[in-house]
Every structure is written in C-alpha cells, then in structure tokens.
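# this one's structure only:
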C-alpha cells in the first residue's frame, strides 16, 4: 500500500478528475470536447488556423491552462507524464478540421513526437490540412547542441501566445510556421532543480536530489542534466544561468529580450521574484532590453523544487503578439492595446 502524500482519489482517475475540475472552474473559457480533449468554450471562426498542442498531465497548468481566446484552440492530454496516443490526437485534429489548416505545436519528447507523427499521417489520409512545429528550447544537452537532442520545456507557452495572436489576425498556416520557427531559433530555457519529487500514481521517485544539492539542466520528468552541486545563492544561480543562456543565444547589444521565470512546483514566489531580479539586472548589464517578462508557474513538475529560466531574443512582431494582442486563457490573460 502506497502512503498517500497528495490530495487525490483513485490514482487511475487523476487525469479525468483534474480536467473535470478545470473546465468546471473556467466554463467561460474552456470545455471538454471529448475525453482528454480541452477546447475553447467559444471556438474561433473556421477561417482562422487552429492552434493545437499535446502533452501528458501532471504539469498543470500546462498545457491546457493556455487554451482560450488568443491562445490555444485545443489541448490533447495524456496520462501523468505520458503523451496522449495517436488516435486521441487524430480525434482532436478531426474536431479542428478546417480549410485553412491546423498548426500542431509539439514539445520535443519522444512520446509526443511519435504520437504527433502518426496522427499527422492519419490526418493527411483523411484530407485534414495540418503542419507541425517542434519546440526544443532546453539547452542542457550543451551549447549549440543538435536541436533533435534538445527537449521542449516551458518555452512553448509564450509561443502559444504568439501563434494564437497571429492566427486571430488571419495569418496563413505557412506564415504561422515561419513565425514559430523564427521564435524557436531564438529561445533558450534552462531548468534548475532541487529536492526530489514523486509520481502521483505509483509513488516512484522521479528525481532523487539530496538536501542542499541542486542540478542545473534537469528535465521535466526528472531526466538528468548538467551534474549535481551544492546549492548556492539566488544571485549566483541566476547569474550562471543567464550566462549559459546568452552563450546559446548570442544576443547583441540593443536586442529585445523576453525573460520568464517558471516555477516548477515547490519553489515559492518569494524565491522566484528574487531570482528574476538578478537575472533581469544581468541581462540589462549586457546592453540588452527586457521587453517581455513574467514570473509564474506555467509548467510544473509535481512537488519538484526549482525553476526554469526562459530567455528569448524577440523580433518586433513577436513583441507585438506577446504584449499588445489580447488573450483570455485561464492561466494567461492579456488585455491588449
């Protein structure tokens, strides 16, 4: 018998119950279209490209927290930390079918990629127009590593905002792919973790970090990163991470930057604010301008402690889509200008 450590019921029902609770809480913004398929409460007109994503549960509010006007049209949810199957994703693509097409945003994890590839093949046979973009913002595989070796972390969330806004504006599928790939080239994320966390269904330890030890480069399912070392101050941690992210992005003086600190579950907003402050100062000291910023739990890893630092060089259209265009998803609301 596993000792209960979380407020859950039957572990088999976690995903269904959390999604039920979510759509009951935000009925003006989201609803369930089918089992594990979250869609906008008011769908957007069919002359605009649909933005769809997929991923396992257990990372709330990601990814379904970003379904809503000006962001995602549909989120297809798998079980805890597991990609949804290709059939479920294909079902969602059928629901979203439209002449202008669907853009599928896939985080680079083997299960998600496999389901996406299979579902896209099924969709093409069924005459559904779909394009996909892969997010791979994690840099823990090493500076300049092959994109195929880089995982998709929380850097996907601002991309949902960018693509949602561009789609509302009437951009074509091809234009949206170009906007996304430009963002993907210029975004980098690094995660730092401390303390272990457990799988809510079987109690298995996902990461086992001793007290007082941190690991920079931790994946969001506990995959190992850049080696363990003693925990240092917020300032030292933030400065090291900014340096690594800038080595990857090679920003030039005057570049417009996005800085987001994403809490992964157990780290307090007090700590996240302190980390952000140092990261911001480090970036500005390099002659860069932080124009888009956020401190939020966007994508979590159960009770893991730590955070992901997301840094991006933004083009003017990206800035406009992020800052000036409205969005109304339960976990990302922008009034717009």
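Sure, I can see it. Given the structure is predicted, the values throughout are model-derived calculations rather than measurements.
# Three-state assignment for the spatially most central residue of the chain, please.
Residue closest to the mean C-alpha point of the chain, counted by Cα atoms, centre = their mean, is residue 154 at 3.4 Å. Recorded secondary structure, residue 154: coil (DSSP: H, G, I helix; E, B strand; the rest coil).
# so who does it touch?
62, 137, 189, 260, 262, 298-299, 308, 310 (Cβ atoms under 8 Å, 6 or more residues apart in numbering). Every residue, glycine included, has its C-beta placed from N, CA and C.
# Tell me the pLDDT of it.
As predicted, residue 154 sits at a pLDDT of 97.
# List the residues that contact residue 320.
Counting by Cβ under 8 Å, 6+ apart, residue 320 has contacts residue 165.
# Could you export the contacts of residue 154 to a markdown table, including columns for secondary structure and neighbour count?
Formatted as a markdown table, the contacts of residue 154 follow (DSSP: H, G, I helix; E, B strand; the rest coil; neighbours: other Cβ atoms under 10 Å):
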| residue | secondary structure | neighbour count |
| --- | --- | --- |
| 62 | coil | 27 |
| 137 | coil | 29 |
| 189 | strand | 28 |
| 260 | strand | 24 |
| 262 | strand | 25 |
| 298 | coil | 29 |
| 299 | coil | 29 |
| 308 | strand | 26 |
| 310 | strand | 26 |
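# so which of those residues would you say is closest to residue 284?
Checking these against residue 284 by Cβ to Cβ gives residue 260 as the nearest, at 15.7 Å.
# And that closest one, how far from residue 333?
Distance of residue 260 to residue 333, computed by Cβ to Cβ, to the nearest Å: 15 Å.
# now residue 199
31 Å.
# Equivalent analysis for residue 42, please.
Distance from residue 42 to residue 333, by Cβ to Cβ: 15 Å.
# Please apply the same query to residue 116.
Residue 116 is 28 Å from residue 333, by Cβ to Cβ.
# now the one helix or strand in the chain whose mean pLDDT sits lowest, how far from the centre of its chain.
The helix or strand of the chain with the poorest confidence is strand 205-207; it has a mean of 78 (mean pLDDT, DSSP states H and E). Relative to its chain's centre, strand 205-207 lies at 21 Å (Cα atoms, centre = their mean, to the nearest Å).
# what pairs with it, and is each one parallel or antiparallel?
strand 197-198 (antiparallel) (DSSP bridges).
# Please list the residues outside the partner strand that contact it.
Outside strand 197-198, the residues that reach it (Cβ under 8 Å, 6+ apart) are 5, 204-207, 222, 265-266, 301-305.
# Pretty sure residue 191 sits against residue 151.
No - at 9.3 Å, residue 191 and residue 151 do not qualify as touching, with contact defined as Cβ atoms under 8 Å.
# Looking only at neighbour counts, state which of the two leads.
Remark: of residue 191 and residue 151, residue 191 carries more neighbours, 30 against 22, as counted by other Cβ atoms under 10 Å.
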